[in-house]
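Q: have a look; sequence and predicted model below, questions after that.
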Amino acid sequence: MKSFQHRLLMTILAWLGILLAGLLLIIGQLFPIYAESENQMQLWIWLALIFALAMIFSAIIGYRIIKVQAMPIENVTETALELAKGNYQARAYEYSNIGTVELSSTINVLARNLQEITAVREMEQERLKTLIENMGSALIMIDRQGSVSLVNKSFMYEFELAEMDVNKKFYKEVPIPQVLQEFIERVFMMEKPAREQLAFTQGLSSRHIDVYGAPVIGEQEQWHGIVIVLHDITELKRLEQIRKDFVANVSHELRTPVTSIKGFSETLLDGAYKDPATCESFLEIIHKESNRLEMLIEDLLELSRVEQSGFKVDAHPTDMEAIIYQVREMVQKKLEDKGIELNLQLEPVIVQGDPNRLVQVMMNLLVNAMTYSPEQTVITIRLFSRGNEAIIEVEDQGIGIAKAEFSRLFERFYRVDRARSRNSGGTGLGLSIVKHLIEAHHGKVEVKSEVGKGSTFIIHLPLAS
């Protein structure tokens with residue numbers, strides 16, 4: 001039994017002992033004449049028996065009292081202690097005793113309510129955790145001491161962090177860009193919401209993020225820290241820049257031949273047509289600019305077609321070696337005019353591709369190589385297979401490309417050397433078309449280059465089954 005039960009039982013026995021002792025004293029006073037008689041021993045034996053029987057009877061009565069009154073209270077006490085420990089599944093026995101049944105049922109109602117509240121709270125916490133972990137934006141929370149209290153997977157991925165980099169670290173110890181640290185410090189010190197667009201360099205590329213920060217205010221206006229939410233807008237900035245460049249470049253590219261055609265035609269109308277030599281020269285220029293304008297429009301239409309979602313190529317087993325030989329015949333005259341040697345290192349390879357589109361790809365790569373290669377140089381084309389893909393390398397000995405320009409190389413109208421490519425009649429759309437056509441073949445295109453030593457474009461295509 002518990003301490004309460006012990007105390008109750010000992011109290012009952014003590015009172016019964018006092019009662020019996022008093023009874024013995026009264027008997028001794030009522031029968032003093034027997035104090036020296038031979039029946040004295042028998043009297044005390046009978047009194048001892050009576051005392052023993054009374055003790056047994058009192059123990060039985062005490063046990064019944066404890067069972068009826070004390071045990072429900074003890075059970076309720078144990079249940080309350082379990083609830084205090086956080087075990088909300090504990091329940092008290094609901095005895096039929098009128099004095100404790102209400103207490104037991106009340107404790108059980110409290111336990112059920114606490115269990116339901118805990119279940120709801122756990123569910124809400126799980127939902128919140130799932131939302132924070134899987135939200136598209138990166139999130140970090142910093143407590144009032146400046147230590148990181150919460151960070152989601154998007155934030156870790158955004159800045160390539162590990163658990164040890166952020167766990168219980170002071171926010172200035174976390175390896176994040178300096179501009180973001182400064183923004184966090186401003187929000188932390190000012191305790192006011194703020195929003196900015198930040199730019200920083202990560203590796204060789206520039207990154208842009210949209211950052212929002214706000215203080216976390218609890219009940220009674222208590223300040224708990226700050227929360228920072230950021231979203232990567234690098235791709236949006238890149239697309240915005242591409243759009244701006246496209247509008248500017250296409251306007252310029254269209255204006256140049258149109259201006260030439262308009263200027264020379266006006267000159268002819270002003271009387272220059274009367275001079276046969278001048279008229280023929282001007283007409284040749286107008287024809288050349290018209291061809292350039294037509295080629296630009298065709299490339300724009302072609303790029304628009306291949307950029308459309310759902311664009312597919314008519315892929316089937318194709319002899320890539322034959323494709324390269326066909327393209328060589330098509331550009332042979334231009335190679336001879338510039339004194340460029342074409343070195344072919346080809347292996348028989350059958351790819352899964354569209355022959356017409358692959359001719360277009362190789363033509364654009366060869367024209368690009370010739371455009372940026374000096375006279376009397378060598379262009380090398382290699383064709384071989386590796387694993388389950390075909391590798392095509394187009395290597396030139398031209399001006400080369402700086403690594404900082406790699407990320408923009410396949411953008412529309414982007415030129416490494418604008419003057420050289422424009423003078424050669426290029427539209428600046430060839431490499432962009434190449435990229436989209438190769439991706440439509442489920443392949444990829446890479447570039448290796450060194451300024452002043454030339455460039456190598458590498459194409460990966462799937463082999464035919």
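A: Cool, the structure landed.

Q: name the residue closest to the centre of this protein, please.
A: S154 (3.3 Å; C-alpha atoms, centre = their mean).

Q: and that residue, what does it touch?
A: Applying C-beta atoms under 8 Å, 6 or more residues apart in numbering to S154 gives the contacts 135-139. From N, CA and C alone the C-beta is placed, and that goes for glycine too.

Q: next one: phi and psi at it?
A: phi -60, psi -40 (degrees, to the nearest 10).

Q: check V351 too.
A: phi -110, psi 160.

Q: helices along this structure, start to end?
A: Ranges of helices within the chain are 3-30, 40-65, 71-85, 101-134, 153-158, 163-166, 178-190, 234-269, 276-307, 320-338, 355-371, 418-423, 430-440, based on DSSP state H.

Q: relative to A214, which of the ones you listed is closest?
A: Closest of these to A214 is helix 178-190, at 7.2 Å (criterion: C-beta to C-beta).

Q: could you list the low-pLDDT ranges of the stretch 351-465 of the chain?
A: Residues of the stretch 351-465 of the chain meeting the criterion pLDDT under 70: 404, 407, 412-428.

Q: picking that back up, which members of the contacts of S154 are classed as buried?
A: Buried members of those, counted by 16 or more other C-beta atoms under 10 Å: 137-139.

Q: let's see which of the residues you listed end up in strands.
A: 138-139 (DSSP state E).

Q: between the buried ones among the contacts of S154, which sits nearest L236?
A: Of those, the one sitting nearest to L236 (C-beta to C-beta) turns out to be S137, at 13.5 Å.

Q: so for the closest one, what's the pLDDT?
A: Confidence at S137, expressed as pLDDT, is 83.

Q: longest strand of this structure?
A: The chain, longest strand under DSSP E: strand 205-217.

Q: paired strands for that strand, with orientation please.
A: strand 194-202 (antiparallel), strand 223-232 (antiparallel) (DSSP bridges).

Q: that strand to helix 178-190, inter-axis angle?
A: Per axes from the mean of the first three to the mean of the last three C-alpha atoms, to 10 degrees, the angle that strand 205-217 makes with helix 178-190 is 10 degrees.

Q: possible to save the helices of the chain as JSON lines with distance to G225?
A: Formatted as JSON lines, these follow (distance: least, C-beta to C-beta, whole Å):
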{"stretch": "helix 3-30", "distance to G225": "47"}
{"stretch": "helix 40-65", "distance to G225": "58"}
{"stretch": "helix 71-85", "distance to G225": "30"}
{"stretch": "helix 101-134", "distance to G225": "15"}
{"stretch": "helix 153-158", "distance to G225": "15"}
{"stretch": "helix 163-166", "distance to G225": "15"}
{"stretch": "helix 178-190", "distance to G225": "8"}
{"stretch": "helix 234-269", "distance to G225": "28"}
{"stretch": "helix 276-307", "distance to G225": "46"}
{"stretch": "helix 320-338", "distance to G225": "60"}
{"stretch": "helix 355-371", "distance to G225": "55"}
{"stretch": "helix 418-423", "distance to G225": "51"}
{"stretch": "helix 430-440", "distance to G225": "45"}
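
Q: of those, which shows the lowest average pLDDT?
A: The bottom spot among the helices of the chain, by mean pLDDT, belongs to helix 418-423, with a mean of 48.

Q: returning to that earlier point: just name the most buried of the strands paired with strand 205-217.
A: Mean neighbour count (mean count of other C-beta atoms under 10 Å) peaks for strand 223-232 among the strands paired with strand 205-217, with a mean of 19.

Q: which residues are contacting that strand?
A: Contacts for strand 223-232 (C-beta under 8 Å, 6+ apart): 136-144, 149, 155, 158, 180, 183-184, 187-188, 191, 207-218.

Q: outline the domain layout of the chain.
A: 3-115, 135-232, 238-307, 316-462 (automatic domain parsing).

Q: related to what we said a few turns ago, closest one to L114 among the strands paired with strand 205-217?
A: Of all the strands paired with strand 205-217, strand 223-232 comes closest under C-beta to C-beta, at 25.5 Å.

Q: now the closest one: mean pLDDT?
A: pLDDT averaged over strand 223-232 gives 87.

Q: for it, C-alpha coordinates in PDB please.
A: Output of strand 223-232 as PDB, limited to C-alpha atoms (Å, rounded to 0.1, in the frame of the first residue of the first chain):
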ATOM      1  CA  TRP A 223      10.100  40.000 -29.500                       C
ATOM      2  CA  HIS A 224      11.300  36.500 -30.200                       C
ATOM      3  CA  GLY A 225      13.700  37.200 -33.100                       C
ATOM      4  CA  ILE A 226      13.400  37.500 -36.900                       C
ATOM      5  CA  VAL A 227      12.300  35.400 -39.900                       C
ATOM      6  CA  ILE A 228      14.000  35.700 -43.400                       C
ATOM      7  CA  VAL A 229      12.300  34.400 -46.500                       C
ATOM      8  CA  LEU A 230      14.200  34.500 -49.800                       C
ATOM      9  CA  HIS A 231      13.400  33.400 -53.300                       C
ATOM     10  CA  ASP A 232      15.900  32.800 -56.100                       C
END
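
Q: which non-adjacent residue is nearest P317?
A: Setting aside the residues directly before and after it, P317 is nearest to A464 in space (C-beta to C-beta, 6 or more residues apart in numbering), at 3.8 Å.

Q: quick one, phi psi at the one you found?
A: Taking degrees, to the nearest 10 as the convention, A464 sits at phi -70, psi 150.

Q: pretty sure it contacts M320?
A: No. If you go by C-beta atoms under 8 Å, A464 and M320 don't touch, sitting 9.6 Å apart.

Q: which neighbours do those two share?
A: What both A464 and M320 touch, as defined by C-beta under 8 Å, 6+ apart, is the set 350-351.

Q: the two - which one has more neighbours?
A: M320 (25 against 16; other C-beta atoms under 10 Å).

Q: ok, that one - contacts?
A: With C-beta under 8 Å, 6+ apart, M320 has these contacts: 349-351, 353, 358, 383, 390, 392, 461.

Q: quick check, nearest of the residues you listed to M71?
A: L461 (83.9 Å).

Q: any idea how far E302 is from that closest one?
A: Per C-beta to C-beta, to the nearest Å, L461 is found 20 Å from E302.

Q: so for these two, which residue has more residues nearby?
A: L461 (25 against 16).

Q: in the sheet, who's paired with that one?
A: Using DSSP bridges, the bridge partners assigned to L461 are A390.

Q: isn't it right up against V445?
A: No. In this structure, L461 is not within contact of V445 by C-beta under 8 Å, at 9.8 Å.

Q: what is in contact with those two at once?
A: I438.
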